[in-house]
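1. here's a sequence, model it:
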Amino acid sequence: MLLLSIAPFVNYSISIPIIPLPPPIPTTFISTISTSRIRIRIRIRISSSRSPIGFNTRAFVNKPSPPSLPKDTINQQLSSSSVIHTSSLRVLDWDKVSDSVASFAGTSFGKQSTKAQLWNLNRTYGESLRLLDETNAAVQMHNYGGCIMDFSGLDLELVKSAIRQARRHLPMDGSEAMALVALLQFAESLQFNLKSAIQEDADWLQRFMPIAELIMELVINRSLVKFILQLIDADGSVKDSASSILKQSRDQVRLLERKLYQLMERLVRNEMNETPSLEVSNVAGRWCIQSGTDLQPSFEGLLLSSGSGSGSIVEPLSAVPLNDELQQARLAVAQAETDVLLKITEKMQVDLDDIENLFNNMILLDVINARAKYSLSFGGTYPDLFLPEDNDSCLTAEALSGEKTSTASHPTQSKWKLYLPKVYHPLLLQQHREALQKAMKNVDNATSDIRRRKQQGQNMTQKEEADASLLSLQMQVAKLKQAPPVPVDIFVAQKTRVLVITGPNAGGKTICLKTLGLAAMMAKSGVYVLSSEPVKIPWFDSVFADIGDEQSLSQSLSTFSGHLKQTSEILSHSTSRSLVLLDEVGAGTNPLEGAALGMSLLESFAEAGAFLTIATTHHGELKTLKYSNDVFENASMEFDEVNLKPTYKILWGVPGRSNAISIAARLGLPDTILNNARELYGAASAEINEVIVEMERFKQNFHEHISQAQHYLKLSRDLHENLLVARRKVMEHGTNQRYRKIREISELAATARSILHKKVRQLRASVAQSSRSNATTDCSQQSLVATNIQHNTTVDNSQIPVTTKTANSTDTIRNPASGGWVKIPKIGDMVHVSSLNKKVTVLKVEPSKEEIVVQAGNMKLKLKLVDVVT
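-> Okay, here's the model as predicted:
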């Protein structure tokens, strides 16, 4: 480190080693720095060798050195950047959005931390990506269903108090101990649910990262939980079983209280005849008797309080010893409870650092969960956040620091540098939802009120009024459902640096600016952008905004001066990665001067200003910047001339036109005034308006054709999917029909075989009976009968398939494994396949090959006869 202090007439010599320089560089030069207060003459000798450089410095002080700046001034200069950032976010209503996101946190610490995180202005691109990954992981956990994080049951205030007591080696309260148990048990349930999800599907681990890593790293002291539950009840009181001393002390307290109660009851009962208004009371833990009158009781006692007409409180003398013992017993109970709680503190101190880390991680998880619940509640979309290219430098600051960049999502070849389709203003969406919920609640209350009055028997007049009120509320609900907030489409091309939006008052220009600014801040802060479609948005290091009336009475600034001061601050602090939003640029002064100043400001932003500047204006001259500089682009807010109201839609690439004369004509202004206005306005301006009208029509037709093409594309995709489904069904039907036919044929063949076998058995039985009854018949007759039987069997078998005859020609075959005989199954028989462990139907028998074909479900199998069991 080199320290220099310039004083009058002092020489300085500084030695700095440098790399050798080439000869052409001059070896000596003299530089003079002059100001109104000091003049410094520096002579520098540079040698070509690696010898030190000599600096000879002589300072001639003309005036005394100025005093150092006050600390307040220095702080003001250093905080000017923070002030402009904060004021810009406030005009965007970022504080309201932050409150809305924080409301989804389950704990008070989570709400505070969420607000603090959203207001962190010094966030890098890598940190923004990390926050988005955390939010996306929490969203995935909510979508999974089994890992939903609900922090509303935790009391982190009590946990923090318990940690603070442990740090101070002091006993904690019983409720604090139970709050700590709830925290540890909640963390354990998170780990259990996460492990269960990962065991069900290992892909969930990657989807839940980096939250899964954070949850799995939580250190949970289960022995501490068990220890606390053994000593403390659910209500936070110390259990009697926590220590023997505590149990004895509490038993003593209960015994003394029972004795005192009996004593007091006896005294009151004895005094009921003379002083009927006596009752037992407790004053500062001592049992007493309170009288509602000024009459003195007959028993002796200590008068604790009395008043004219208000009665008196007396502690009987017989109760004083018992009360004293009771106080001592209660002190013993308190001391015993303190000893038990101190044991918990000592047990907690062993893992106090882990408990504190768990406490901080729970707050972090609550913050992440708040962002995720907000994103899900309002239907947000995970933004494709990319780092803008730095056109002024080949090596970015992030590259120098080794910071993570998103090359995959960097749209270098994309058409848009900003793509926000159907994006909503978060506060408008929230207000509409709250209004709708309130209206629906009013309908429910009115319905319940009508039902209650009907049960009580109301008259016709009241019934008609209630029905009319209910109808009005229902119409209000229907109106709100039919008029949701209108989303805006914001598309900015790669080459565009300045976008000029024109349009009528109350047309939605300011809402468009705020929507874009809030979307940029939400993406940067790890919150989903409220859009129903995928979005692509740059990461902005800062979002500057000059919106609204910046009139400052304290600084004696008019509206114009306030805007000008704010714009000047924005111009000085914006970088090549900043977003600048200017509302009504050049307004508040002479139109000609305001237009000229607005054009100059926008050209300055385009040349060396922010990455993207969007300005709204009523000055028509600003629309011409696009035709002289390619980095400019025009847009306008659409206006419905038929209904004379804005549609809140943006027409990109179309400059706004004047609607004043056309609106006046529709409102019935006299033709003489209108014609005179058109002449004063000029024919050229009218022709320009006609050109703009044609451009608007062309743009509308273009968007209609795009919407129609997208509709037809969706229909074609649906038809293609339907055709694939129909093809699959046809193939399945054909397969099922084929199997059904095979099954029917098999069943018919089995029936026919059964009939044939029955007839053969009957015929053989009749032949056998005939042979027994005619034992004396000669052999020729028996031979003739046998020949007839064989002939009939041959004729019958000729009518069945060949496979059947083949199957029946041999009844058994030899099993080579066991050496025994295996019965040959027949077509239609059910056989058992050991390898499949199921029964199948025989379709075909080939005895010569010792093989059969079977039907197993939807499959045909060829098996060896030895592989089946008949």
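2. what helices and strands are in contact with the helix or strand containing Leu861?
-> When secondary structure is defined using DSSP states H and E, the element that contains Leu861 is strand 859-864. Under the contact criterion of 3 or more Cβ pairs under 8 Å, 6 or more residues apart in numbering; DSSP states H and E, strand 859-864 touches strand 851-856. (Glycine included, C-beta is placed from N, CA and C.)
3. for the strand it packs on, name the packing helices and strands.
-> Based on contacts counted as 3+ Cβ pairs under 8 Å, 6+ apart, the elements that strand 851-856 packs against are helix 683-773, strand 830-833, strand 838-846, strand 859-864.
4. tell me which residues are up against it.
-> With Cβ atoms under 8 Å, 6 or more residues apart in numbering as the test, strand 851-856 has contacts from 739, 742-743, 746, 825, 831, 833, 836, 838, 840-846, 860-865, 868.
5. put the buried members of the residues you listed into a ChimeraX selection.
-> The following ChimeraX line selects those of those that are buried, judged by 16 or more other Cβ atoms under 10 Å:
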select :746,825,831,833,836,840,841,842,843,844,845,861,863,865,868
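6. go through the helices and strands packed on strand 851-856 and name the closest to Ser578.
-> Using Cβ to Cβ as the measure, helix 683-773 is the one of the helices and strands packed on strand 851-856 that comes nearest Ser578, at 29.7 Å.
7. residues contacting Ser754?
-> Ser754 makes contact with Gly828, according to Cβ under 8 Å, 6+ apart.
8. pretty sure Leu581 sits against Phe544.
-> Yes: with the criterion set as Cβ atoms under 8 Å, Leu581 and Phe544 qualify as a contacting pair; they are 7.0 Å apart.
9. what mean pLDDT does stretch 637-655 get?
-> Averaged across stretch 637-655, the pLDDT comes to 76.
10. and if you look at stretch 457-475?
-> So the average pLDDT for stretch 457-475 ends up being 77.
11. for stretch 283-297, same thing?
-> The pLDDT scores in stretch 283-297 average 73.
12. cool, stretch 230-241 as well?
-> When pLDDT is averaged along stretch 230-241, the result is 88.
13. and what of stretch 824-838?
-> When pLDDT is averaged over stretch 824-838, the result is 82.
14. ditto for stretch 841-851
-> Predicted confidence along stretch 841-851 averages 84 (mean pLDDT).
15. do me a favour and get the end-to-end distance for that stretch?
-> Between the start and the finish of stretch 841-851 there is a gap of 14 Å, counting by Cα to Cα, to the nearest Å.
16. now do stretch 238-246: everything it contacts.
-> Stretch 238-246 is contacted from outside by 174, 230-233, 247, 250, 332-333, 336-337, 339-341, using Cβ under 8 Å, 6+ apart.
17. dump the C-alpha coordinates for it into CSV.
-> As requested, the backbone C-alpha atoms of stretch 238-246 are provided in CSV (Å, rounded to 0.1, in the frame of the first residue of the first chain):
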residue,chain,number,x,y,z
VAL,A,238,-43.8,-28.7,33.7
LYS,A,239,-44.9,-32.2,34.4
ASP,A,240,-45.1,-33.5,38.0
SER,A,241,-42.9,-36.4,37.0
ALA,A,242,-40.1,-34.1,35.9
SER,A,243,-38.5,-34.3,39.3
SER,A,244,-39.3,-35.8,42.7
ILE,A,245,-38.8,-32.4,44.4
LEU,A,246,-41.3,-30.8,42.1
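18. can you point out the buried residues in that stretch?
-> 238, 242-243, 246.
19. just stretch 279-293 next, same as before
-> In terms of neighbour count (16+ other Cβ under 10 Å), stretch 279-293 has its buried residues at 286-291.
20. check for me that Thr647 belongs to a strand.
-> Yes: in this structure, Thr647 lies within a strand as judged by DSSP: H, G, I helix; E, B strand; the rest coil.
21. contacting residues for it?
-> Taking Cβ under 8 Å, 6+ apart as the contact definition, Thr647 lies against 486, 637-640.
22. do Thr613 as well
-> In this structure, Thr613 makes contact with 497-499, 579-582, 602, 605-606, judged by Cβ under 8 Å, 6+ apart.
23. where does the stretch 501-650 of the chain have low pLDDT?
-> Scanning the stretch 501-650 of the chain for pLDDT under 70 picks out the ranges 505-506, 549-559, 641, 644.
24. how many neighbouring residues does Val101 have?
-> Residue crowding around Val101 was assessed by other Cβ atoms under 10 Å; the count is 27.
25. helix or strand for the most centrally placed residue in the chain, just tell me which one.
-> If you average the C-alpha coordinates of the chain and look for the closest C-alpha using Cα atoms, centre = their mean, you land on Ala372, 1.8 Å from that point. For Ala372, the host element (DSSP H and E) is helix 352-377.
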